[in-house]
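Asks: Using only what follows, build the 3D model:
(one chain, ligands or ions: 1)
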Amino acid sequence: MADFDSYCLNPSKPKFKPPAGAVDAHCHVFGPAAKFPFAPERKYTPYDASKEDLFRLRDFLGFQRNVIVQASCHGTDNTATIDAMVNSKGMARGVAVVKPTIDIGELKDMDKAGMRGVRFNFLPRLVDATPHEVYLGVAKKVETLGWHTVVYFEAPSLPTITPFLKALPTTIVLDHMSIPDVKKGVDSAEFQAYLRLLDENKKIYVKVTGPERISAGAAPYDDVIPFARAIVERFPDRVLWGTDWPHPNMTTHMPDDGVLTDMIPKFAPTAAQQQALLVDNPMRLYWSN
Ligand code: 0GY
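Replies: Numbering: from 1, shown residues only. The predicted model follows:
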């Protein structure tokens with residue numbers, strides 16, 4: 001069962017006004033289960049979080065577009081994500097999770113519906129392990145469509161995952177800053193190795209998302225700011241931001257999406273950084289074709 005019965009139903013109105021055309025580049029839809037059942041192999045069962053609720057939140061927070069990431073609770077059945085995209089009036093694009101056996105025809109159909117990437121998840125609490133060679137086979141297929149790959153792993157896995165990232169033929173997007181250990185600090189060998197990876201591999205984008213997952217404390221998650229800030233300042237053209245609504249698997253509290261939106265100017269203080277983070281970078285990855 002889910003830890004909470006729903007996402008935050010009454011988010012605060014953010015003080016920060018996103019620039020025109022801003023993209024929430026990491027969010028999900030869950031079901032509704034009666035219409036889009038969750039996958040039998042799922043590791044958690046969330047509450048429903050519909051496309052209508054997502055689009056309402058988008059408008060309330062001052063965003064124009066969404067990138068909907070297929071959540072593990074829906075397995076490789078992308079129907080709910082596709083339904084949200086095709087009913088978004090062109091304002092949503094997506095990232096799929098697919099079977100290794102998927103063929104190019106199926107990928108092309110998903111591309112028409114708005115998919116622009118596939119996600120490789122390395123979190124044992126979310127999915128069973130998939131060998132690197134299998135994911136590389138999928139990456140080779142999606143490369144032909146110009147898609148990117150989204151990779152979700154946590155900081156301690158960096159040494160084992162680095163060769164895999166090097167081998168990926170596509171542009172790569174890393175979820176949630178790869179969950180740095182805030183207690184170790186930005187000067188730690190671990191986080192410095194992460195920044196070096198980004199320096200060396202110019203194909204990698206990073207989502208400066210998930211402060212509610214990364215923080216060792218409570219909202220407004222100040223301990224996460226130095227990490228996001230370091231990444232945004234050094235790689236302004238390779239960062240994305242998203243709410244992560246509807247926030248599955250939160251164990252301590254349910255975040256307020258208005259509070260999360262108000263963290264943007266703390267992560268990206270200048271107007272130029274905000275424009276790149278919220279508009280130019282996601283538009284390049286998701287709406288350039
Ligand atoms: C997120 C993070 C989580 C879940 C999923 O696919 C998922 O189920 O991504 C998580 O629990 O860390 O991106 O929402």
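Asks: Residues touching stretch 268-279, excluding its own?
Replies: Contact with stretch 268-279 is made by 18-23, 63, 208, 229, 232-233, 236-237, 239-241, 264-265, 267, as judged by CB atoms under 8 Å, 6 or more residues apart in numbering. Every C-beta, even on glycine, is put in place using the N, C-alpha and C of the backbone.
Asks: now it, how far from the chain's geometric center?
Replies: 18 Å (CA atoms, centre = their mean, to the nearest Å).
Asks: start to end distance for it?
Replies: The straight-line separation of the ends of stretch 268-279 (CA to CA, to the nearest Å) is 13 Å.
Asks: Does Ile172 touch Trp147 like I think?
Replies: No: counting by CB atoms under 8 Å, Ile172 stays clear of Trp147, with 11.2 Å between them.
Asks: If we check the ligand, which of the contacts of stretch 268-279 are in contact?
Replies: Residues of the contacts of stretch 268-279 in contact with the ligand (CB under 6 Å from any ligand atom): none.
Asks: and the stretch 1-150 of the chain, which of its residues are near the ligand?
Replies: His28, Ala71, Ser72, Cys73, Leu126.
Asks: Output those in TSV, with neighbour count and distance to Leu197 appended to each entry.
Replies: Listed next are these as TSV, based on neighbours: other CB atoms under 10 Å; distance: CB to CB, whole Å:
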residue	neighbour count	distance to Leu197
His28	26	26
Ala71	26	26
Ser72	25	24
Cys73	22	29
Leu126	16	22
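Asks: which ones are touching Thr243?
Replies: Asp24, His26, Cys27, Leu57, Leu61, Thr209, Asp257, Leu260, Thr261.
Asks: do the same with Val182
Replies: Ile214, Ser215, Ala216, Asp223, Val224, Phe227.
Asks: Compute the number of surrounding residues for the residue lying closest to the fifth one once chain neighbours are set aside.
Replies: Once flanking residues are discounted, Val224 sits nearest to Pro211: 4.0 Å by CB to CB, 6 or more residues apart in numbering. For Pro211, the count of nearby residues is 26 (other CB atoms under 10 Å).
Asks: Which per-residue confidence value corresponds to Pro211?
Replies: We have a pLDDT of 98 for Pro211.
Asks: Assess the claim that it and Asp222 are in contact.
Replies: No: between Pro211 and Asp222 there is no contact under CB under 8 Å: 9.0 Å.
Asks: quick one: the closest residue in space to Leu278 that isn't next to it in sequence from Arg234, how far?
Replies: Closest residue to Leu278 in three dimensions, ignoring its sequence neighbours and counting by CB to CB, 6+ apart: Ala22, at 4.0 Å. For Ala22, the distance to Arg234 (CB to CB, to the nearest Å) stands at 22 Å.
Asks: Please apply the same query to Arg42.
Replies: 37 Å.
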